[in-house]
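Visitor: The following comprises the amino acid sequence and a computationally predicted model.
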Amino acid sequence: MPIEPDQIFLRPALPSDVDFVVEVTEAAMRAYAEQTFGTWDNAIPRARFDPASCAIIRVSGKDVGCMDVVYCEDHLQLNVLYLLPSVHNQGIGSAVLRRLIAEADAARKPIRLRVLRVNPAQRFYQRNGFVVTDSNNEKFFMERPYKNE
């Protein structure tokens, strides 16, 4: 059953959220990382965790995911948008992404991201207006231009 957008909240991440963020990252990315790189190491998401750019996604008082966005001078860099598998396909990721898109459009900035080639999330981003701007053997680099509306 879809979650209503007004039930989805973002809160700033705290340093103490590192274990939750690593858990969500592993649940979302381990299979794709192993398929692409042959291995998974929890030390990598632990080292990359930055509470200054990370938000925790909450629904009904529970932490269900995380988002990491860096606000650059000429674009927004979406580094992470991960949800626990138990809340997939309920509209949560779409609602969070739509909020970020509205923010980027208001700031007149594109959103950029990278996604592993083997990750089906690429289709999710394409449905939301992102296009592939570059690629390598492992990743697609995508961008959603801002809309003047």
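Guide: Perfect, I can see it now. Quantities reported herein were computed from a predicted structural model and do not represent experimental measurements.

Visitor: Under the pLDDT cut-off, which ranges of this structure? List them.
Guide: The chain contains residues with pLDDT under 70 at 1, 149.

Visitor: what ranges do the strands span in it?
Guide: 8-12, 54-59, 62-71, 76-83, 111-116, 131-135, 139-144 (DSSP state E).

Visitor: Show me what the longest helix along the chain is in contact with.
Guide: The residue-count maximum for a helix in the chain (DSSP state H) belongs to helix 18-37. Residues outside helix 18-37 that contact it (Cβ atoms under 8 Å, 6 or more residues apart in numbering): 13, 39-40, 42, 45-46, 49, 51, 54, 56, 63, 65-66, 80, 82-85, 116-119, 138. For every residue, glycine as well, the C-beta is placed using N, CA and C.

Visitor: from those, which would you call buried?
Guide: Buried members of the contacts of helix 18-37, scored by 16 or more other Cβ atoms under 10 Å, are 13, 45, 49, 51, 54, 56, 63, 65-66, 80, 82-84, 116, 119.

Visitor: Looking at these, which is nearest Leu100?
Guide: Lowest distance from Leu100 to the buried ones among the contacts of helix 18-37 (Cβ to Cβ) belongs to Val80, with 11.7 Å.

Visitor: any idea how far Pro45 is from that closest one?
Guide: 9 Å (Cβ to Cβ, to the nearest Å).

Visitor: Now the residue nearest the centre of the chain: closest residue in space, sequence neighbours ignored.
Guide: Geometric centre of the chain, nearest residue: Leu81, 1.4 Å, by Cα atoms, centre = their mean. Leaving aside its sequence neighbours, Leu81 sits nearest to Met67 (Cβ to Cβ, 6 or more residues apart in numbering; 5.0 Å).

Visitor: Now do the same contact list for that neighbour.
Guide: Leu10, Cys54, Ala55, Ile57, Leu78, Val80, Leu81, Tyr82, Val96, Leu100.
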